[in-house]
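**Student:** following is a predicted model, sequence given first.
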Amino acid sequence: MIRLLLILVSFFFVEINAQEKSVEASKERSFKSGVGVVDMKKILQDSTAYQALVDQFEEKRRKHRNKFTKIEDVIRDEESKLSKQKGILSKEVYVQKIKDLNKKVNELKSKQASEAQKFEREFEKSTNKIQGALIDVLSMIANKNKLDVVMAKNQLLLVGRDIDLTADAVKELNKILPKITKD
């Protein structure tokens, strides 16, 4: 009888242990994580705000390039005139004019570099505004679809079409930020 009781008790504990493992296994299997991916390059390519920004800055860059080209032409003309006067001018006057011309060239280079840095900072600042809006859009889409993670598509090897949020992100971004305005 004691043996039978011991067998029943051990069977009972084995059954409880098996049920606990079964519950733990079902919990592990039922854990689902929502994942979405986006193609950042495509989002920027299709974003009306980003494209307008690129067009705006390309136009600005073209105007600056033309402005500096005209100044460079003036300096080249001065250099040409100076080389023609080399035999006429005294050595001291000629050396001073060469120094003055070199000073103009260096000032122009410095101004070009400064303008380029300013241009890049403005572009980066405007791009950051677009990226901030995109983060808001992706957050909204993730909440709406109950996603835990949104990843960049270029960092993944394989991606299913049903988790690609790129088209939705472009649509929402263009809706909330159709164009970018400078401060």
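**Tutor:** Nice, thanks for sending it over.
**Student:** max-length helix in the protein?
**Tutor:** The helix that spans the most residues within the chain, counting by DSSP state H, is helix 91-144.
**Student:** following that one, which helix or strand comes up?
**Tutor:** strand 149-152 (DSSP states H and E).
**Student:** now that next one: mean pLDDT?
**Tutor:** Averaging pLDDT along strand 149-152 gives 86.
**Student:** show me what it is packed up against.
**Tutor:** Applying 3 or more CB pairs under 8 Å, 6 or more residues apart in numbering; DSSP states H and E, one finds that strand 149-152 contacts strand 35-38, helix 91-144. Yep, even glycine has a C-beta here, placed from its N, CA and C like the rest.
**Student:** what does the first one rub up against?
**Tutor:** Under the contact criterion CB atoms under 8 Å, 6 or more residues apart in numbering, strand 35-38 has outside partners 138, 141-142, 145, 147-153, 156, 159, 163-166, 169.
**Student:** one more pass at 7 Å, please.
**Tutor:** Strand 35-38 is touched from outside by 138, 142, 145, 147-153, 156, 159, 163-166, 169, with contacts defined as CB atoms under 7 Å, 6 or more residues apart in numbering.
**Student:** how about the CA coordinates for that strand, as CSV?
**Tutor:** Extracted in CSV, the C-alpha atoms of strand 35-38 (Å, rounded to 0.1, in the frame of the first residue of the first chain):
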residue,chain,number,x,y,z
VAL,A,35,8.7,43.8,-36.6
GLY,A,36,8.6,46.3,-39.4
VAL,A,37,11.3,47.4,-41.9
VAL,A,38,11.7,50.6,-44.0
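**Student:** can you give me the offset of the helix or strand following that strand from its chain's centre?
**Tutor:** The helix or strand immediately downstream of strand 35-38 is helix 40-46, counting by DSSP H and E. Here helix 40-46 shows a centroid-to-chain-centroid distance of 10 Å under the convention CA atoms, centre = their mean, to the nearest Å.
**Student:** tell me the average confidence for helix 40-46?
**Tutor:** pLDDT averaged over helix 40-46 gives 91.
**Student:** least confident secondary structure element in this protein?
**Tutor:** Least confident helix or strand, the chain: helix 2-30 with a mean of 53, by mean pLDDT, DSSP states H and E.
**Student:** assumed K86 was part of a helix.
**Tutor:** No - secondary structure of K86 (DSSP: H, G, I helix; E, B strand; the rest coil): coil, not part of a helix.
**Student:** so what's it closest to, chain neighbours aside?
**Tutor:** Y94 (5.9 Å; CB to CB, 6 or more residues apart in numbering).
**Student:** now for that neighbour, how many residues are close by?
**Tutor:** 16 (other CB atoms under 10 Å).
**Student:** tell me the pLDDT at it?
**Tutor:** 87.
**Student:** likewise R65?
**Tutor:** On the pLDDT scale, R65 gets 91.
**Student:** relative to R76, how far out is K104?
**Tutor:** Using CB to CB, to the nearest Å, K104 is found at 11 Å from R76.
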